[in-house]
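1. predicted model and sequence below, questions to follow.
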There are 2 protein chains.
Amino acid sequence: MRLTSEQRLDDGVLESEFTLGEIPGTLWTPGSAAPVPLVLMAHNNGLPRKDPRLVARARHTAAAGYAVATIDAAGCGDRPRSAADERIRAELRRAVQAGEPVDEILESLVGPLVERAVPEWRTALDALLALPGIGGPVGYSGWAALGIRLAVAEPRIAAAGFFAGGYVPHAQREEARQVTVPLLFLLQWDDEGNPRQRALDLFDAFGSERKTLHANLGGHVGTPWFEVEDGCRFYDRHLR
Amino acid sequence: MRLTSEQRLDDGVLESEFTLGEIPGTLWTPGSAAPVPLVLMAHNNGLPRKDPRLVARARHTAAAGYAVATIDAAGCGDRPRSAADERIRAELRRAVQAGEPVDEILESLVGPLVERAVPEWRTALDALLALPGIGGPVGYSGWAALGIRLAVAEPRIAAAGFFAGGYVPHAQREEARQVTVPLLFLLQWDDEGNPRQRALDLFDAFGSERKTLHANLGGHVGTPWFEVEDGCRFYDRHLR
């Protein structure tokens, strides 16, 4: 892991850019020197890690006493897109505009995205936990499909907050019952791209004994800010 | 309103018993002298106001800086039961034990209970807001059926937290769309006596632009304690 830049932000949080081989990432840490738990924060369907909403959530979580890390998935953010990536995204845009069903396209886009992302996040986890000041335990936040796969594959994940607003491939819907860590599942009641019943069925399927659903009125990007604060308190309950 | 006793509890909260004509009630207030908002706290289907779970929630909410008041509904708690009350409750127990459908019995039990409770709570609200140290605004907590009726009829209710675990009469399901105050709707995912889909439909029906659903795994009495704390923060957002 190579640190490429760092700056102290006005909320006291230290924002560090890093690379891990070809993978670019960002780490936010609180001002304190004592070891803090780590939260891996990923965006639905591989949106860029510099998305302002993600950054705002990450900074708030870091200011609440967590190390927060994110990386760009292959073909997303600062990473090169293959011709195949471009082709399938163009096909998705076309189908959405034409009002056609998009499940099959999303399955062929998101399924491989998750498969490629999992080993990268595990490599990042190894590197992050080796840093001074990051003590664990480890939480996960955001992209549900990746989070399900990681929570099943990676015993170091101790609690997970999932956002229900992205496509969850068939394989991850199937393995949801193997997720057993404490769970906070966040749903926008009128999410344009995510059928409500499918999200409720997914919540129902998780194997966790302690799982909580938070749903708010509004569309995909309408999650109220207080849910970020609720998310921090969820981590406080399970990572402290 | 006549105060019949008061005691200072070990968390600094003052617990006062009162009567309002024939209606017995309890008021919990925080230690401070400054006027605080008021939360009306009612139990599903008219359980006694001295139920230990209700008392624990009320005390925590008072310690968080609210005046919290509850009264016994007619035929409940410390109030005399009529022969008709006894008859219908016996019929309900018999039907539950026999595994028969209970919707009609609940409708004939809870419908009149709500109708009788509304004017009593409005009278209590008048008396409570006249007390020194209670400044408003007013929130509501608990029994959904009564809360729907009150939130529609009573413009002083500024925010409402409803527990989805009780029977909601047809009239209140119909008028849910007239509820427009900010709403926190609390649901136990596996509530034995309350069909999940009916509760989700009720959440969907509320007219409020700001409404949040919290659902937790488990049965009717399994609500995790942190939901009481979340409830206080909900009131902090809307009553401060």
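-> Yep, it's here.
2. checking A:Pro37 next. Helix, strand or coil?
-> Using DSSP: H, G, I helix; E, B strand; the rest coil, the structure places A:Pro37 in strand.
3. oh, I was asking about A:Gln7
-> strand.
4. cool, the one 4 residues further on as well?
-> State at A:Asp11, reduced to three classes by three-state DSSP: coil.
5. pull the contacting residues for it.
-> A:Asp11 is in contact with A:Arg59, A:Ala63, counting by Cβ atoms under 8 Å, 6 or more residues apart in numbering or on different chains. The way it works is simple: take the backbone N, C-alpha and C, and place the C-beta from them, glycine included.
6. also A:Arg53?
-> Applying Cβ under 8 Å, 6+ apart, we find A:Arg53 in contact with A:Val221.
7. element containing it?
-> helix A:52-63 (DSSP states H and E).
8. cool, A:Ser16 as well?
-> Counting by DSSP H and E, A:Ser16 is part of strand A:14-20.
9. ok, back up a step: kindly calculate the angle that the helix holding A:Arg53 makes with strand A:14-20.
-> Interaxial angle, helix A:52-63 versus strand A:14-20 (axes from the mean of the first three to the mean of the last three Cα atoms, to 10 degrees): 110 degrees.
10. roughly how far is stretch A:152-172 from the heart of the chain?
-> For stretch A:152-172, the separation from the chain centroid amounts to 8 Å (computed by Cα atoms, centre = their mean, to the nearest Å).
11. do the same with stretch A:141-151
-> 6 Å.
12. how close does A:Arg237 sit to A:Leu14?
-> According to Cβ to Cβ, to the nearest Å, A:Arg237 and A:Leu14 sit 25 Å apart.
13. please disregard the earlier target; I meant A:Asp190.
-> 37 Å.
14. average pLDDT for the longest strand seen in chain A?
-> In chain A, taking DSSP state E as the definition, the longest strand is strand A:134-143. For strand A:134-143, the mean per-residue pLDDT is 94.
15. swap in stretch A:45-60?
-> The model assigns stretch A:45-60 a mean pLDDT of 90.
16. repeat for stretch A:20-38
-> Rounded mean pLDDT across stretch A:20-38 is 93.
17. what's the answer for stretch A:172-190, then?
-> pLDDT averaged over stretch A:172-190 gives 97.
18. what pairs with the spatially most central residue of chain A across the strands?
-> The residue lying closest to the centre of chain A (Cα atoms, centre = their mean) is A:Ala42, at 2.4 Å. Here A:Ala42 sits in beta bridges with A:Gly142, going by DSSP bridges.
19. surely it meets A:Leu146?
-> Yes: judged on Cβ atoms under 8 Å, A:Ala42 makes contact with A:Leu146 at a distance of 5.3 Å.
20. which residues do the two both contact?
-> A:Ala117, A:Trp121.
21. picking that back up, tell me the strands beside the strand holding A:Ser16, with direction?
-> Sheet partners by DSSP bridges: for strand A:14-20, these are strand A:2-8 (antiparallel), strand A:23-29 (antiparallel).
22. any idea which element A:Glu174 lies in?
-> Here A:Glu174 is assigned to helix A:170-175, by DSSP H and E.
23. if we go by neighbour counts, what in stretch A:11-18 is buried?
-> A:Val13, A:Leu14, A:Glu15, A:Ser16, A:Glu17, A:Phe18 (16 or more other Cβ atoms under 10 Å in any protein chain shown).
24. kindly report the same for stretch A:102-120.
-> A:Val102, A:Ile105, A:Leu106, A:Leu109, A:Val110, A:Gly111, A:Pro112, A:Leu113, A:Val114, A:Ala117, A:Glu120.
25. got the CA positions of stretch A:74-85 in PDB?
-> Listed next in PDB are the C-alpha coordinates belonging to stretch A:74-85 (Å, rounded to 0.1, in the frame of the first residue of the first chain):
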ATOM      1  CA  ALA A  74     -12.500  -2.500 -11.600                       C
ATOM      2  CA  GLY A  75     -13.800  -0.400 -14.500                       C
ATOM      3  CA  CYS A  76     -15.100   2.300 -12.100                       C
ATOM      4  CA  GLY A  77     -14.000   5.700 -10.800                       C
ATOM      5  CA  ASP A  78     -10.300   6.300 -11.600                       C
ATOM      6  CA  ARG A  79      -9.800   2.900 -13.100                       C
ATOM      7  CA  PRO A  80      -9.700   2.200 -16.800                       C
ATOM      8  CA  ARG A  81     -12.900   0.800 -18.400                       C
ATOM      9  CA  SER A  82     -12.600  -2.100 -20.800                       C
ATOM     10  CA  ALA A  83     -14.500  -2.100 -24.100                       C
ATOM     11  CA  ALA A  84     -16.700  -4.800 -22.600                       C
ATOM     12  CA  ASP A  85     -17.500  -2.600 -19.600                       C
END
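26. read off the pLDDT value for the closest residue to A:Asn44 other than its chain neighbours.
-> Once flanking residues are discounted, A:Asn44 sits nearest to A:Gly166: 3.1 Å by Cβ to Cβ, 6 or more residues apart in numbering or on different chains. Per-residue pLDDT puts A:Gly166 at 87.
27. does A:Gly166 really touch A:Ala42, like I thought?
-> No: with contact defined as Cβ under 8 Å, A:Gly166 does not reach A:Ala42; the gap is 10.0 Å.
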